[in-house]
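*Asks:* Next input, structure requested:
(2 chains)
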Amino acid sequence: MKYVQLFSGVLVLALLTACKPTGSIKVGFIGPLTGDAATFGTDTLHGVQLKIEEVNAAGGIGGRMIELVAEDGRCAGGDAANAAQKLVAVDKVVVIVGGDCSGETLAAAPIAEAGGVVMISPLSSSPDVAQAGDFIFRDYPNDLLKAKAVAQFFAEEGISKVAIITENVDFTVAFRDALKKDVPEGALVFDEVVDPGTKDYRSLMTRLQDMEFDAFFANGTSTATIGAMMQQLREQGFTQTAMTHDAGQDKSVIDIGGEAVAGLYAINVPSVNEDSPFGQKVAERFGGTQAGMAFVSHSYDAMGVLAEAMQAVGTEGTAIRDYLYNLSSYSGIVGNFSFDENGDVIGIPLVLWQVQSGAYVKVKDIAVN
Amino acid sequence: MDFILHIIIRASFVLFVVAGYNVVFGKGKILHFGQEAQDIVVAYMIWVLVMRFGFPLGVALLAGVLAAVLSAALFTWLSLRLEPDGFGVMSIAVHLACLSVVLNWQSVTRGALGIPRIPRAPFPSSLGEFALFTSILLVAWLLVLWKLDRGRFGRQLTALAGHEWHAASLGIDRRKVHFLAFLLSGIGVVFAATLFPAYLFLLTPSDYHFSAMIFYVMCTVAGGPGHVWGVAIATFAIVFLREGLRFVSLPPDVLGPMQLILFGLILLIAVWLRRDTIFPKQRMV
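*Replies:* This is a model prediction of the structure:
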């Protein structure tokens, strides 16, 4: 009888343990950790790491710690698919932050979708991602929105002729395509695409000597390329208005470009600044950014909204997905946001920044219709 | 299990191409580093016709085969007119030119954005079906290559690789044999170019960079250049090893570079084990 009681007790205990998930909660990350795009892959990884450390320090999710399983998507579709398959089928992650390159996200999306795992991309801006699936979200603004804001700025400033140089990767090409649709026909009087990582733009700048243009747009993917574009533009004596996007709103652009980036405009989300408390936290933990503060902050928020969802509804994929669709607002580093029916981020305001006296200063909010 | 099936499928896609490439580079000893050019041309020919112009898959496949034949003819023409080292450089240039066209002809190829939402046929559709279908097709493809390797074509190619003027004096038509070798590599590409984008639901130029070419060379060298089954085993082993590195527990901060370093070591070991093939012993007097 004593053994029966003991056995029953053990059985009840085992059942109770089985009913309640224990151990750590696995969170996946997919991004380019090697190759040309590794700079922003590293930054997005750091954002996720930082948020996870904070959540774990605060007691985790319902007492369970978050465990990060990072995978290198190498900015390639095939590698991202391999990474996603491992995260979903082997590691059994609850959610995924990634990919960074749109190709990574699009290749990983069907696998996450089939596995019922919510995936939030912190960086993919291609309009194609909006149709990637029900479980696929992003907290990075669709290029269509950023391009509209830039086109609006050009119209307000009376800029009718724009020269643009684009690094040939999906991130910048999608933005350029969207911008082309939003500016009046023929407004892009100089539209050149260069190989990823190009640093020598002197021949292109020489060709610009024969052009008439009101503004120059540095459509690069890293502070190094944007800084180099600006330096070589000013070297040639061009004094026109110059503009870039979030990839160029980082202190290192000022370090690289020096005087050449004085007056450079950048369109970006608000509250992302090296001098902000968040920027200082990033500098303290990782020694700064490799590509830009925007990338760290978007991935930090992606992890943040997922942690909030898991805190609220648990770790079941469908419940997390529904929570995100019904989210009224998440207060993140990049602003307050929610998601539309395609999983695209909405609500993030855009801000016009400008380099003044060696630092980025907010000029004005840009309300996009 | 799903991950294993996925890696089998991915390894099969690689082997379709590598097995064909092995005929040219391994068996024929032709310094060809432009295999990815054929990959890009055939894949974009098929899927641009289907996705951008609405052609039925059957018609697009025929166009893909035609593209493989034409690219084989181009490489044959170049290989006959250039010295081996010159051809090696030229084949890389052809690859980079094709990649550049794909990246910049955005109105047709969508450039760096790639072509998303590529449809799958009703069969193979699921993971299991893909694994079964690609495995059967792959075995059939390897058997065909093995049969050719053991037959007259294989002997002619070996003779040409050994000493082309001696082979010519035996009546071996270099032009015909080279064309057939490049055509075989093109046919391997047709299989992969049809199945891989459909499996991923995506065709993206980032999968056709030169790093893929290095991988093909590595698989060929590790398996023993010209050995059909050796290359098949080496390809599967290397793909599984590369993906297996994902299971090595590493801190996230060093994960990417460390995996690359470990993979480099594997490459070094593979080359070291096959050093007699790549770096023949010097003749001593």
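*Asks:* so residue A:144 is in which element?
*Replies:* helix A:143-157 (DSSP states H and E).
*Asks:* phi, psi of residue B:119?
*Replies:* phi -80, psi 150 (degrees, to the nearest 10).
*Asks:* Show the contacting residues for the residue lying closest to it once chain neighbours are set aside.
*Replies:* In space, and not counting its chain neighbours, residue B:119 is closest to residue B:198: 7.0 Å by CB to CB, 6 or more residues apart in numbering or on different chains. For glycine as for every other residue, the C-beta is placed from the backbone atoms N, C-alpha and C. Applying CB atoms under 8 Å, 6 or more residues apart in numbering or on different chains to residue B:198 gives the contacts B:118-121.
*Asks:* Just name the lowest-scoring one in those, pLDDT-wise.
*Replies:* Ranked by pLDDT, the contacts of residue B:198 bottom out at residue B:121 (81).
*Asks:* Got the phi and psi for that one?
*Replies:* Residue B:121 has phi and psi values of phi -70, psi 160 when expressed as degrees, to the nearest 10.
*Asks:* Test my guess that it contacts residue B:57.
*Replies:* Yes - taking contacts as CB atoms under 8 Å, residue B:121 lies within contact range of residue B:57: 7.0 Å.
*Asks:* With neighbour numbers in mind, choose between the two.
*Replies:* residue B:57 (16 against 12; other CB atoms under 10 Å in any protein chain shown).
*Asks:* how far away is the more buried one from chain A?
*Replies:* Distance, residue B:57 to chain A, using CB to the nearest CB, to the nearest Å: 19 Å.
*Asks:* before we move on, what about residue B:126?
*Replies:* Residue B:126 sits at a distance of 9 Å from chain A (criterion: CB to the nearest CB).
*Asks:* In which helix or strand does the residue nearest to residue B:119 reside?
*Replies:* Going by DSSP H and E, residue B:198 is in helix B:174-200.
*Asks:* Please apply the same query to residue B:260.
*Replies:* Taking DSSP H and E as the definition, residue B:260 sits inside helix B:252-273.
*Asks:* May I have that helix as CSV, with CA atoms only?
*Replies:* Output of helix B:252-273 as CSV, limited to C-alpha atoms (Å, rounded to 0.1, in the frame of the first residue of the first chain):
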residue,chain,number,x,y,z
PRO,B,252,26.4,34.3,-30.4
ASP,B,253,29.0,37.0,-30.6
VAL,B,254,31.6,34.8,-32.3
LEU,B,255,29.2,32.3,-33.9
GLY,B,256,29.4,33.4,-37.5
PRO,B,257,33.2,33.9,-37.8
MET,B,258,33.9,30.8,-35.8
GLN,B,259,31.7,28.6,-38.0
LEU,B,260,33.5,30.0,-41.0
ILE,B,261,36.9,29.3,-39.5
LEU,B,262,35.9,25.7,-38.6
PHE,B,263,34.5,25.3,-42.1
GLY,B,264,37.8,26.6,-43.5
LEU,B,265,39.6,24.0,-41.5
ILE,B,266,37.4,21.3,-43.0
LEU,B,267,38.3,22.7,-46.4
LEU,B,268,42.0,22.6,-45.6
ILE,B,269,41.7,19.0,-44.4
ALA,B,270,39.8,18.0,-47.5
VAL,B,271,42.4,19.5,-49.7
TRP,B,272,45.2,18.1,-47.6
LEU,B,273,43.8,14.6,-47.9
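*Asks:* Now do the same for residue A:213: helix, strand or coil?
*Replies:* coil (DSSP: H, G, I helix; E, B strand; the rest coil).
*Asks:* How many neighbouring residues does it have?
*Replies:* Using other CB under 10 Å: residue A:213 sits among 20 other residues.
*Asks:* How about residue B:240?
*Replies:* 15.
*Asks:* and if you look at residue B:272?
*Replies:* 9.
*Asks:* Then residue A:156?
*Replies:* 11.
*Asks:* Go ahead and confirm residue A:213 touches residue A:189.
*Replies:* Yes - the criterion here is CB under 8 Å, and residue A:213 meets it with residue A:189 at 5.4 Å.
*Asks:* re earlier: give me the average confidence score over the helix holding residue B:198.
*Replies:* Helix B:174-200 comes out at a mean pLDDT of 95.
*Asks:* Next secondary structure element downstream of it?
*Replies:* Remark: after helix B:174-200, the chain's next helix or strand is strand B:202-203, criterion DSSP H and E.
*Asks:* where does the chain dip in pLDDT?
*Replies:* You didn't say which chain, so I picked chain A. A:1-22, A:271-272, A:369 (pLDDT under 70).
*Asks:* Let me rephrase: I mean chain B.
*Replies:* Using pLDDT under 70, the flagged stretches of chain B are B:274-285.
*Asks:* Looking at strand pairing, list the partners for residue A:26.
*Replies:* Note on residue A:26: beta-bridge partners by DSSP bridges are residue A:67.
*Asks:* What distance do you get for it to chain B?
*Replies:* As judged by CB to the nearest CB, residue A:26 and chain B stand 13 Å apart.
*Asks:* Tell me where chain B has strands.
*Replies:* In chain B, the segments counted as strands under DSSP state E are B:115-116, B:202-203.
*Asks:* Pairing partners for the first one, with directions?
*Replies:* Strand B:115-116 has the following strand partners under DSSP bridges: strand B:202-203 (antiparallel).
*Asks:* Return the distance of the partner strand from the chain's centre.
*Replies:* Distance of strand B:202-203 from its chain centroid, counting by CA atoms, centre = their mean, to the nearest Å, is 17 Å.
*Asks:* Check what contacts that strand and list those residues.
*Replies:* For strand B:202-203, contacts defined as CB under 8 Å, 6+ apart pick out A:77, A:103, A:106-107, B:43-44, B:47, B:114-118, B:197.
*Asks:* 7 Å instead, please
*Replies:* Here strand B:202-203 makes contact (CB atoms under 7 Å, 6 or more residues apart in numbering or on different chains) with A:77, A:103, A:106-107, B:43, B:47, B:114-116, B:118, B:197.
*Asks:* what's across from residue B:116 in the sheet?
*Replies:* Beta bridges link residue B:116 to residue B:202 when assigned by DSSP bridges.
*Asks:* Many thanks, I have nothing further to ask.
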